[in-house]
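Novice: quick one, structure for this:
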Amino acid sequence: QHDRSAQFQIPQRLYGREPEIQRLLVTLERVSQGHSEMLLVAGYSGIGKTALVATCYKPLTRSRGYFISGKYDQYQRNTPYSAVVAAFRDLVQQLLTESETRLQHWQTVLLQALGPNGQVIIEVIPEVELVIGPQPPVETLGPNESQNRFGLVFQNFIRAFCAPEHPLVIFLDDLQWADTASLKLISLMMANAHALCCIGAYRDNEVSAAHPLLLTLEEIKQAGARIETIMLRPLDTQQVLNFVADTVRRTPEEAVPLAQLVMDKTQGNPFFMGE
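Specialist: The predicted model follows:
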């Protein structure tokens, strides 16, 4: 009889993350001026890392940039480059929706960047063939040489998409499960790019000091790349109260008992609050 809405809806906006959103936007601004940066978002599962990163999508598209993402899987650690490849497949699919003129531009740029090694990329991202056409087979090499060639060719491939007029943001989620080959590629990527922002989200409680991810980040820092870290904390009592009041469409005073219960049960974890 007195309900405010026929539907129960969890608010889509972020609560209590204004300073973090601001840092993200400042980083994007620097990248759109030609800088390359790595931004890490660390925190427990469900704390809102992915939701925070999603806020950069609109400002980036306004500056004609590309936003692509891939996610590592706990059970696919033996598949090299899985999230990076997924992200770039996403990018190539975005290119295929562009005008014929833009597509011809990308064909020229990529053929120039890849030279005789286009087939190396097509083997992992078959959609690239739709942009650059069939490519000649490449010479068969030993495992180490083959991996080195892939690293170099992929670097050139990435660099082709990074320019101040269209910066590239690549978001890699669950970096704590990244394979060694991916970590090496990220390191190479950060060493040689412009107008590139690599955002990595990871669960810091699952990463020890000797974890390959932290060792790779140290290497990237030593090489002179800029790395920033945003640590996401649980929401405080006031933020939980605002969330609950907005959800049940009541005044904060009326929402206090339920907000207190939600805080006790979730400790301010946004995912658990929604559940």
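Novice: helix or strand: which one has residue 250?
Specialist: Secondary structure assignment for residue 250, by DSSP states H and E: no helix or strand.
Novice: residues near it, how many?
Specialist: Here the neighbour count serves as a burial measure; for residue 250 (other Cβ atoms under 10 Å) it reads 14. C-beta: built from backbone N, CA, C; applies to glycine.
Novice: cool, and residue 123?
Specialist: Applying other Cβ under 10 Å, we find 12 residues neighbouring residue 123.
Novice: separation between it and residue 103?
Specialist: Relative to residue 103, residue 123 is positioned 22 Å away (Cβ to Cβ, to the nearest Å).
Novice: residue 272 now?
Specialist: Counting by Cβ to Cβ, the gap between residue 272 and residue 103 amounts to 45 Å.
Novice: do the same with residue 222
Specialist: Taken as Cβ to Cβ, the spacing of residue 222 relative to residue 103 amounts to 40 Å.
Novice: one more: residue 199?
Specialist: Distance check for residue 199 against residue 103: by Cβ to Cβ, it reads 27 Å.
Novice: of those two, give the one with the bigger neighbour count.
Specialist: For residue 199 and residue 103, the more surrounded residue by other Cβ under 10 Å is residue 199, and the numbers stand at 26 against 15.
Novice: what residues are up against the more buried one?
Specialist: Taking Cβ atoms under 8 Å, 6 or more residues apart in numbering as the contact definition, residue 199 lies against 38-41, 53, 56, 169-172.
Novice: give me the neighbour count for residue 36.
Specialist: Number of residues near residue 36 (other Cβ under 10 Å) recorded here: 21.
Novice: so how far is residue 221 from it?
Specialist: In this structure, residue 36 and residue 221 are separated by 13 Å, where distance is defined by Cβ to Cβ.
Novice: then residue 134?
Specialist: Distance, residue 134 to residue 221, by Cβ to Cβ: 41 Å.
Novice: who's more crowded, these two?
Specialist: Summary of the neighbour comparison: residue 134 and residue 221, criterion other Cβ under 10 Å, with residue 221 having more neighbours (13 against 8).
Novice: so who does that one touch?
Specialist: Contacts of residue 221 were listed using Cβ under 8 Å, 6+ apart, and they are residue 227.
Novice: try residue 172
Specialist: In this structure, residue 172 makes contact with 69-72, 83-84, 87, 178, 182, 186, 198-201, judged by Cβ under 8 Å, 6+ apart.
Novice: same check on residue 206?
Specialist: For residue 206, the residues meeting the contact criterion (Cβ under 8 Å, 6+ apart) are residue 176.
Novice: just give me the longest helix of the chain.
Specialist: Across the chain, the longest stretch assigned as helix under DSSP state H is helix 143-161.
Novice: what separates the helix or strand following that helix from the chain centre, distance-wise?
Specialist: For helix 143-161, the following helix or strand on the C-terminal side (DSSP H and E) is strand 168-173. Averaging C-alpha coordinates over strand 168-173 and over its chain gives two centres that are 3 Å apart (Cα atoms, centre = their mean, to the nearest Å).
Novice: sheet partners, orientation included, of strand 168-173?
Specialist: For strand 168-173, the pairing partners within the sheet under DSSP bridges are strand 66-71 (parallel), strand 196-202 (parallel).
Novice: could you pull out the buried residues of the host helix or strand of residue 112?
Specialist: Counting by DSSP H and E, the secondary-structure element that holds residue 112 is helix 100-114. Going by neighbour count (16 or more other Cβ atoms under 10 Å), the buried part of helix 100-114 is 106, 109-111, 113-114.
Novice: for the residues you listed, which one is nearest residue 237?
Specialist: residue 106 (50.6 Å; Cβ to Cβ).
Novice: need the phi and psi values for residue 47.
Specialist: Taking degrees, to the nearest 10, you get phi -80, psi -10 for the backbone angles of residue 47.
Novice: how near is it to residue 204?
Specialist: Counting by Cβ to Cβ, the separation of residue 47 from residue 204 is 10 Å.
Novice: between those two, which one's more packed in?
Specialist: Summary of the neighbour comparison: residue 47 and residue 204, criterion other Cβ under 10 Å, with residue 47 having more neighbours (24 against 18).
Novice: middle-most residue in this structure, spatially?
Specialist: For the chain, residue 171 is the residue whose C-alpha lies nearest the centre (Cα atoms, centre = their mean; 1.0 Å).
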